[in-house]
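**Student:** next one to model:
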Amino acid sequence: MTMTAPPGDFADRPGSPAGTRDESADPAALGLDLGGRTDDLLSELLRSARLSGERIVAYAPPAAFSIGFAGVGSLHIVEEGELVLRVDNDPDPRHLTRGDVVLLPRGDGHRLCDTGRTAGAPARWLCGTFAIGDPQASHLLRSLPAVIVLRDVSGPALEGLEVARKMLVVEMRSPSQGSAVMVARILDLVFIQILRLWAAGPDAEPNWLAGALDPQTGPALSAIHRHPGRDWAVEDLARACNLSRSAFAERFAAQVGTPPATYLALVRLDTAADLLRTTSLPVALIARNVGYTSEAAFSRAFKNRYGVPPARWRQSARP
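**Tutor:** Numbering: from 1, shown residues only. The predicted structure follows:
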């Protein structure tokens with residue numbers, strides 16, 4: 001998610017008339033579970049992007065191979081041997097070996113190549129692909145790293161991935177009625193599991209996913225995404241997370257990588273873009289729906305994020 005300069009104050013774009021605040025913004029009223037469970041934001045966001053597994057292919061090429069992939073989310077599970085991963089616009093190759101699991105969630109172009117070594121077992125791996133049904137929602141995936149590599153996974157997480165791998169192999173080797181749907185569903189499960197493991201691991205960067213999975217910030221992210229047009233104050237979001245204002249602001253910035261006000265502004269503008277693309281609502285009404293009382297302020301913020309005013313963006317975004 002591309003970051004923009006944060007608004008000076010939450011009140012720069014309130015959803016309530018000037019001088020008033022929505023006093024009902026308590027966690028229970030927002031549908032937030034105060035028993036410790038956060039809303040399932042990851043499922044909601046992936047559902048909005050209509051991400052779905054497509055197909056699985058087994059690769060066992062002869063020596064001196066170089067196979068390219070582009071324009072589609074990809075999963076690679078190394079079953080045997082060694083190979084080299086080269087990602088477009090990344091000068092650093094990654095050396096992969098048996099057991100490594102690699103996810104390229106954004107669909108970045110990449111190549112898998114032979115190591116050039118003559119000794120050792122030939123490389124063999126599974127490759128699954130994913131489709132994004134709503135390209136305009138791909139900003140959710142663009143904020144993820146280009147490559148996620150899992151090595152030395154252990155415990156229940158490893159068991160789950162291994163079960164999924166075996167099920168994929170069975171469906172490939174002995175396809176029958178419903179195999180295509182089975183493969184797609186298994187790939188969906190693997191995609192989500194890899195994201196979970198990465199977000200909980202030491203290599204995770206501050207990101208909306210890390211924030212969503214963090215019980216101390218997850219309720220706030222769910223509230224923002226469910227009600228982007230609400231007249232939020234930091235105190236409201238902190239209360240939803242059972243934290244003080246200062247503790248919440250610090251935790252949110254550490255987990256998500258941006259202050260709450262900046263993240264709220266981004267979600268509002270992304271929601272506005274979706275409404276511009278999928279509805280015929282007037283720009284002024286969309287501005288109010290996402291929390292702006294001034295159409296001029298909304299247009300300035302939208303142009304700062306997307307490069308063009310809302311009306312022009314709408315014309316270019318539609319078929």
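**Student:** where are the low-confidence patches of the stretch 101-250 of the chain?
**Tutor:** The model of the stretch 101-250 of the chain has pLDDT under 70 over residues 132-141, 154-155, 157.
**Student:** now the phi/psi pair for residue 69, please.
**Tutor:** Residue 69 adopts backbone torsions of phi -140, psi 140, taken as degrees, to the nearest 10.
**Student:** quick check, it in contact with residue 102.
**Tutor:** No - applying C-beta atoms under 8 Å, one finds residue 69 not in contact with residue 102, separated by 10.8 Å. In this view, the C-beta of every residue, glycine as well, is placed from N, C-alpha and C.
**Student:** okay, those two: which has more neighbours?
**Tutor:** Relative neighbour count places residue 102 above the other of residue 69 and residue 102, with 23 against 18, counting by other C-beta atoms under 10 Å.
**Student:** show me the beta-bridge partners of the more buried one.
**Tutor:** Per DSSP bridges, residues listed as beta-bridge partners of residue 102: residue 76, residue 149.
**Student:** you'd agree residue 253 is in a helix?
**Tutor:** Yes - the assignment for residue 253 is a helix, going by DSSP: H, G, I helix; E, B strand; the rest coil.
**Student:** excluding sequence neighbours, find me the nearest residue to it.
**Tutor:** Excluding its sequence neighbours, the residue lying closest to residue 253 (C-beta to C-beta, 6 or more residues apart in numbering) is residue 259, at 5.4 Å.
**Student:** what's the answer for residue 42, then?
**Tutor:** Nearest one to residue 42, counting by C-beta to C-beta, 6+ apart, is residue 212 at 5.5 Å.
**Student:** tell me the spacing between the one you found and residue 112.
**Tutor:** Distance from residue 212 to residue 112, counting by C-beta to C-beta, to the nearest Å: 31 Å.
**Student:** if we can go back for a sec, now that the residue nearest to residue 253 has come up, it's in contact with residue 251, right?
**Tutor:** No - Residue 259 lies out of contact with residue 251 (C-beta under 8 Å); the separation is 11.3 Å.
**Student:** what residues sit buried inside stretch 189-200?
**Tutor:** Buried residues in stretch 189-200, defined by neighbour count with 16 or more other C-beta atoms under 10 Å: 190-191, 193-195, 197-199.
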